[in-house]
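[1] What follows is a predicted structure for the sequence shown.
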Amino acid sequence: MKLRWLPALAASAYVATVVALGPALVENNHWDTDASGTLTLAERLRGSGPVYVAHYGEWTTFWGLLGTRALPWHEQLWTASGYILTLAGAVLLGWATARVGGSWAGVTAGAATLVVGPFVLRSFLSIGGSHLTNPFGAIVLAAALVLFTRTRSWLPAVVAGVVAGTNAASDPLLWIAGIVPFAIAVTVLARTTRRRDVGLRGGVTLGMAVITAIATDLVMRLLDFHVVDGGAAGLDRLRDLPANTLQLGRMIALLGGANYALPGPYPHEPLRALVALLALAAVVAPIVVAFKARRADPLLRAYACYWAVAVALLCVVFVLTPNATDLGPKSVNYLLTLAPAGAVGVALIAARARRAQLVVALGVVTIAAVNIFGVAGGRAEVTGVAALQTYHEPLVRLLERKDVTRGFAGYWNAQNLTWQTGMKLLVAPIRNCGTQLCPYNVFTIRSWYEPRGGRTFFLLDPTVHALHAPPFVSDAVETHRFGPLTLYLFDYDIARHIRPAPS
């Protein structure tokens, strides 16, 4: 095998590692409620009243989950669907890039987009709560751009528009990462090819995107779904921009596998600095390619323009707005589209030169090797909920003995405990509001908080929540300690102490 084809081998080894460790990685990942909350809500979505989701709708994800819920093996399908979507996106990206830059470029682009850092792999393994549909939607639009020069069929334009529109309604970030770059790129393609049909089909895609986005939002509102906790709107303060820029650099490095953002930095220096520099170079590569391709083949020019604009817009929005940086390390999820963009950039920048291909191949192999070692070494595992992970087995056994299956806990202990027990426990998230409790309206439905009678429990975890025990815990018939966790058992339904969610 020639050395320039090493990215294919490196990506295969990376994917094989993920598949081999997949069940353990996915189970661990679901201790993060941001990952398991979507699955839990889809499984429990049989009640009544308004449904609440946070930050963005994830409508297409919910449609997929609800559409397969009747299957007897749907839990396994759901837990694998995040990485299946990731692999499908890589294959589609490889195909589109091969049509533009040749077979080596296609293989390298598909391979490079997969070998992400361990922390980002968690997002690729989760179908919910990680903006995963955003890079996939961007790849679909890129593939449509390529197809416009290969077929005169209107079907790709319509399909891409529907996919883009529904996913933009589900995650508005796609407007920045995909739809606006597509509008610019298809304009470039139509003008440079002087093909009116390309412009018309691009217009159809954009029109369908807008129509389906509006229709999707309308339908979900009529079904009483609500997006709450959308984050701060507007621009950040001028004095915060340097810190935001530094955060952008950290997140790009984290995307590549160099951790400057989490406790326990990895890998060791100077390898960490090397991986960070390679990741930064990959993100800059689409812009370099777009600049160099100003007089190139029209499709190459438009394709490079698409990914360059996506990179530029994502980075600018990240720096200028407070939402992404407010999330800390998880703000890397706003930048997932940089993975396929960077992969395309490094593939196209070396597509015509064998020596450059070798350099890129060695870079991809280096990142893949570092990240394979990191994933195998546990770097992709969830941290921050150690108390619940440590004590959940004796806690669940106690609740089984006491025949208590319904309870309430803070956000980081509710839906994840429900999902990890195979829905044997039904735990709704709450927060303090005065002397009572209130629903924590993230991945919930109102009926969860309606009194039904019977025994209930309240789980207090001071390690990950700002919760405090309300006065009614004095009614508890039993109190149990599991390390820092406190479990209160009641012989009545404590939902009576929970204020109803706002309409």
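    Arrived safely, thanks for sending. What you are looking at is a predicted structure, and each value in this text was computed from that prediction instead of being measured.
[2] CA atoms of stretch 414-433 as CSV?
    The C-alpha trace of stretch 414-433 is given here as CSV (Å, rounded to 0.1, in the frame of the first residue of the first chain):
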residue,chain,number,x,y,z
ALA,A,414,-32.8,12.3,36.2
GLN,A,415,-33.2,11.2,32.5
ASN,A,416,-29.8,9.5,32.5
LEU,A,417,-30.8,7.4,35.5
THR,A,418,-34.1,6.6,33.8
TRP,A,419,-32.3,5.5,30.6
GLN,A,420,-29.6,3.5,32.3
THR,A,421,-32.1,1.5,34.2
GLY,A,422,-34.0,0.5,31.0
MET,A,423,-36.9,2.7,32.0
LYS,A,424,-37.5,0.7,35.2
LEU,A,425,-37.1,4.0,37.1
LEU,A,426,-39.0,7.1,35.9
VAL,A,427,-37.1,10.1,37.2
ALA,A,428,-38.2,13.6,36.3
PRO,A,429,-35.8,16.6,36.6
ILE,A,430,-36.6,19.3,39.1
ARG,A,431,-35.1,22.5,40.5
ASN,A,432,-35.7,24.5,43.7
CYS,A,433,-38.2,27.3,43.7
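[3] Just checking the distance from it to the centre of its chain.
    Its chain's C-alpha centre and that of stretch 414-433 lie 21 Å apart, by Cα atoms, centre = their mean, to the nearest Å.
[4] Report the buried residues of that stretch.
    Within stretch 414-433, the residues that count as buried by 16 or more other Cβ atoms under 10 Å are 414-421, 425-430, 432. In short, each C-beta sits where N, CA and C put it, glycine included.
[5] ok, of these, which one's closest to residue 272?
    The closest of the buried residues of stretch 414-433 to residue 272 turns out to be residue 416 (Cβ to Cβ; 30.4 Å).
[6] Does that closest one touch residue 36 like I think?
    Yes. At 4.6 Å, residue 416 counts as touching residue 36 under the criterion of Cβ atoms under 8 Å.
[7] Now do the shared contacts for the two.
    Residues within reach of residue 416 and of residue 36 at once, by Cβ atoms under 8 Å, 6 or more residues apart in numbering, are residue 30.
[8] just to revisit the earlier point, sort out for me which of the buried residues of stretch 414-433 are in helices.
    415, 416, 417, 418, 419, 420 (DSSP state H).
[9] who's in contact with the residue nearest to residue 282 when sequence neighbours are not counted?
    Of all residues beyond its chain neighbours, the one nearest residue 282 is residue 342 (3.4 Å), with distances taken as Cβ to Cβ, 6 or more residues apart in numbering. Residue 342 makes contact with 112, 113, 279, 282, 283, 285, 286, 311 under the criterion Cβ under 8 Å, 6+ apart.
[10] Over to residue 423?
    Each residue near residue 423 by Cβ under 8 Å, 6+ apart is listed here: 40, 43, 44.
[11] So which of the residues you listed is the closest to residue 152?
    residue 43 (44.4 Å).
[12] any idea how far the helix or strand hosting that closest one is from the chain center?
    Using DSSP states H and E, residue 43 sits in helix 33-44. Counting by Cα atoms, centre = their mean, helix 33-44 is centred 14 Å from the centre of its parent chain.
[13] contact partners of it?
    The contact list for helix 33-44, computed with Cβ under 8 Å, 6+ apart, reads 29-30, 51, 53, 58, 61-62, 65-66, 69, 78-79, 122, 125-130, 330, 411-416, 418-420, 423, 426, 429, 442-445, 448.
[14] Narrow the residues you listed to those that are buried.
    29-30, 51, 53, 58, 61-62, 65, 78-79, 122, 125-130, 330, 411-416, 418-420, 426, 429, 442-445, 448.
[15] dump the residue contacts of residue 209.
    Residues near residue 209 by Cβ under 8 Å, 6+ apart: 161, 162, 164, 165, 168, 179.
[16] Quick check: the farthest pair among those?
    By the measure Cβ to Cβ, the contacts of residue 209 have their two most distant members at 162 and 179, which lie 12.6 Å apart.
[17] Next, residue 459: secondary structure please.
    With DSSP: H, G, I helix; E, B strand; the rest coil as the basis, residue 459 sits in strand.
[18] Report the separation between it and residue 83.
    According to Cβ to Cβ, to the nearest Å, residue 459 stands 31 Å off from residue 83.
[19] Now do the helices in the stretch 1-150 of the chain.
    6-29, 33-44, 59-68, 74-101, 103-112, 118-124, 133-147 (DSSP state H, counting those that start in this stretch).
[20] After the strand ranked longest in the chain, heading C-terminal, what element do we hit next?
    The single longest strand within the chain, with elements called by DSSP state E, is strand 426-433. On the C-terminal side of strand 426-433, the closest following helix or strand by DSSP H and E is strand 436-439.
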